[in-house]
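Undergrad: Based on what follows, work out the 3D shape:
(4 chains)
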Protein chains: 2
Amino acid sequence: MQATGAVEDYLKIIYHLVTKGEPATTSTIARRLGVSSPSVSAMVKRLEAGALVERSGEGGLALTSGGKAEALRVVRRHRLLETFLAEVVGVPWDEVHEEAEVLEHALSDRLEQRIDALLGHPVRDPHGDPIPPRTGPHDERWADPLTAAPTGSRFRIERVSDRDPDALRYLAGIGLRPGVHVDVGARTPFGGPLWVTVDGTEHALGLPLTDLLHGAVVGTRP
Amino acid sequence: MQATGAVEDYLKIIYHLVTKGEPATTSTIARRLGVSSPSVSAMVKRLEAGALVERSGEGGLALTSGGKAEALRVVRRHRLLETFLAEVVGVPWDEVHEEAEVLEHALSDRLEQRIDALLGHPVRDPHGDPIPPRTGPHDERWADPLTAAPTGSRFRIERVSDRDPDALRYLAGIGLRPGVHVDVGARTPFGGPLWVTVDGTEHALGLPLTDLLHGAVVGTRP
DNA sequence: CGGTGTTGTTAGTCGAGGCTAATATTCGCA
DNA sequence: TGCGAATATTAGCCTCGACTAACAACACCG
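TA: Have a look, this model is predicted:
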């Protein structure tokens, strides 16, 4: 089957859903893609006919090996482009995702390889997401969410979800980027903010923000 | 009307045809685009409905002011991308056109401006083609063809048509790029090759090649 | 003068990718 | 138990952008 831009988008979001353990259903896909449910039904039928997805045991869809390979190619182009735009073109952190979202469908193999070489074969994009290799295995495992870190622990940020430019701008403003360490403070009950210390300054982060942050506990507050 | 990738392609080639003084007719467009005549008829109808093109006096189509503005935006993105790919990414001369042909439809305004600034607001792309400004007038005038230069004259290459990668590779191989000077030698009759001296070496160029070269006579052979 | 291209259009079809409206199913809950 | 909300699919329609087949108009040429 022909991998048009639309097909690539569907495969990509199915890939994202399944690797996060969320069910890839008609409605979740429709919401994420801003498209009606019947449109998703129709496209899924085409994807099944093209042997790119299949119905999987419980409730959702799964990618076939061919579908996963195609999805990984798109994800690779996306993350390479984000890295390229940030490092070479100087596009700010919060804008690279949107630009890559469009360009990823127009990047040739040849140019992808040139960019990859120019960047020195990077393995992470600016948000800390791993860049799938052109061939060979890829590990998409998400680190633990910041919300899982106990009070008093020291936490290393590894990945910051790239979907919300405003949130990204705010996080960058307070110094929250992949690689930095934060001290996890008090957790306000009933969905209240989580207090974290970054660079010596305390910040209260609401759930929408902490949800974007993943990493690992690396000890306790010194 | 919505400027899809297809619409942009049509406007661009109509622009190229009219600026070269060739008639923009159904069949020339169809040939250049590798598409059937009825497809062109249908698209032209849409473009007319969208006030982007109109029937012009003799035989062909013309761009309206809106259509020309849109075409110039595409041409600008194309040539900026060619320049960017060549200078920043290191894509070889003969490949930049093909890559830009696809990327031009996916380049946002925002990114276009960043690239323009990064390159220092270039006015010519790697083939010597002028880059239309974002706003304001643009002069697309083609210099004289090399075939018009008299024997014994010295000729400065200004533009090299970018359509044929093989030809470009060959021309680059013998040092024929925009900016270089050549000495025009004997013209073999009956469509035979034209002898030119580049960098001290004589080359016989067939009509398909000389057709790609434009510039200006700058004196006589020293 | 009559064929033979070339050119352009109309008519009809197709696939991709979207939409709304209507129709099951199923699930949670009063 | 039964009602409403969420979920998925079907049916039917639309636009875009391509295609082939057929036809009209014209030009050139023997």
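
Undergrad: Show residues contacting the helix or strand hosting A:Gly66.
TA: Taking DSSP states H and E as the definition, A:Gly66 sits inside helix A:65-84. Contacts with helix A:65-84, where a contact means C-beta atoms under 8 Å, 6 or more residues apart in numbering or on different chains, come from A:3, A:7-8, A:11-12, A:14-15, A:47, A:51-53, A:63, A:96-97, A:99-101, A:103-105, A:107, A:112, A:115-116, A:118-119, A:122, A:124-127, A:129-134, A:138, A:162. Any C-beta I mention is one placed from the backbone N, CA and C, and that applies to glycine too.

Undergrad: Tell me if it is near DNA strand C.
TA: No. Helix A:65-84 lies apart from DNA strand C when judged by C-beta under 7 Å from any atom of the strand; the minimum separation is 12.9 Å.

Undergrad: Dump that helix to CSV, restricted to CA.
TA: Output of helix A:65-84 as CSV, limited to C-alpha atoms (Å, rounded to 0.1, in the frame of the first residue of the first chain):
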residue,chain,number,x,y,z
SER,A,65,5.7,-5.8,11.4
GLY,A,66,5.4,-3.9,8.2
GLY,A,67,3.3,-1.3,9.8
LYS,A,68,5.7,-0.9,12.6
ALA,A,69,8.6,-0.6,10.3
GLU,A,70,6.8,2.2,8.4
ALA,A,71,5.8,3.9,11.6
LEU,A,72,9.4,3.8,12.8
ARG,A,73,10.6,5.4,9.6
VAL,A,74,8.2,8.3,10.1
VAL,A,75,9.2,8.7,13.8
ARG,A,76,12.8,8.6,12.8
ARG,A,77,12.3,11.3,10.2
HIS,A,78,10.4,13.4,12.7
ARG,A,79,12.9,13.2,15.4
LEU,A,80,15.9,13.7,13.1
LEU,A,81,14.2,16.8,11.7
GLU,A,82,13.5,18.1,15.2
THR,A,83,17.2,17.7,16.1
PHE,A,84,18.3,19.2,12.8
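
Undergrad: Just after that helix, pick out the following helix or strand.
TA: helix A:96-103.

Undergrad: Can you confirm whether that following helix lies near chain B?
TA: Yes. Helix A:96-103 is in contact with chain B by C-beta under 8 Å from any C-beta of the partner chain, via A:Glu98, A:Glu99, A:Val102, A:Leu103.

Undergrad: Out of these, who's the most crowded?
TA: A:Leu103 (22 neighbours; other C-beta atoms under 10 Å in any protein chain shown).

Undergrad: Show me the strands in chain A, by range?
TA: Counting by DSSP state E, chain A has strands at residues A:53-56, A:60-63, A:144-145, A:153-160, A:181-187, A:194-198, A:201-205, A:213-220.

Undergrad: Switch those over to a markdown table; also include mean pLDDT and mean neighbour count.
TA: Listed next are the strands of chain A as a markdown table, based on pLDDT from 0 to 100; neighbours: other C-beta atoms under 10 Å in any protein chain shown:
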| stretch | mean pLDDT | mean neighbour count |
| --- | --- | --- |
| strand A:53-56 | 92 | 16 |
| strand A:60-63 | 93 | 20 |
| strand A:144-145 | 90 | 14 |
| strand A:153-160 | 95 | 20 |
| strand A:181-187 | 92 | 18 |
| strand A:194-198 | 93 | 19 |
| strand A:201-205 | 93 | 15 |
| strand A:213-220 | 91 | 17 |
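
Undergrad: can you list the ones you listed in TSV and add distance to DNA strand C?
TA: Shown next, in TSV, are those (distance: least, C-beta to the nearest atom of the strand, whole Å):
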stretch	distance to DNA strand C
strand A:53-56	13
strand A:60-63	14
strand A:144-145	24
strand A:153-160	28
strand A:181-187	26
strand A:194-198	27
strand A:201-205	29
strand A:213-220	28
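
Undergrad: Is it possible to get TSV of those that adds distance to chain B?
TA: Shown next, in TSV, are the strands of chain A (distance: least, C-beta to the nearest C-beta, whole Å):
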stretch	distance to chain B
strand A:53-56	25
strand A:60-63	25
strand A:144-145	31
strand A:153-160	21
strand A:181-187	31
strand A:194-198	29
strand A:201-205	28
strand A:213-220	27
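
Undergrad: Those: which one's closest to B:Pro222?
TA: Nearest to B:Pro222, of all the strands of chain A, is strand A:153-160, at 63.7 Å by C-beta to C-beta.

Undergrad: Remind me what that closest one packs against, helices and strands.
TA: strand A:181-187, strand A:213-220 (3 or more C-beta pairs under 8 Å, 6 or more residues apart in numbering or on different chains; DSSP states H and E).

Undergrad: Quickly list the domain ranges of chain A.
TA: Chain A breaks down by automatic domain parsing into domains covering A:5-63, A:144-220.

Undergrad: so which of those domains gets nearest DNA strand D?
TA: Comparison of the domains of chain A against DNA strand D by C-beta to the nearest atom of the strand identifies domain A:5-63 as nearest, at 3.2 Å.

Undergrad: Now do the buried residues in the helix holding A:Gly66.
TA: By neighbour count with 16 or more other C-beta atoms under 10 Å in any protein chain shown, helix A:65-84 contains the buried residues A:67-68, A:70-84.

Undergrad: Including distance to DNA strand D, could the domains of chain A go into TSV?
TA: Formatted as TSV, the domains of chain A follow (distance: least, C-beta to the nearest atom of the strand, whole Å):
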stretch	distance to DNA strand D
domain A:5-63	3
domain A:144-220	19
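
Undergrad: re earlier: show the buried residues in the contacts of helix A:65-84.
TA: Those of those that meet the buried threshold are A:3, A:7-8, A:11-12, A:14-15, A:47, A:52-53, A:63, A:96-97, A:99-101, A:103-105, A:107, A:112, A:115-116, A:118, A:122, A:125-127, A:129-132, A:162, by 16+ other C-beta under 10 Å.

Undergrad: for chain A, what helix or strand is lowest in average pLDDT?
TA: The helix or strand of chain A with the poorest confidence is helix A:207-210; it has a mean of 86 (mean pLDDT, DSSP states H and E).
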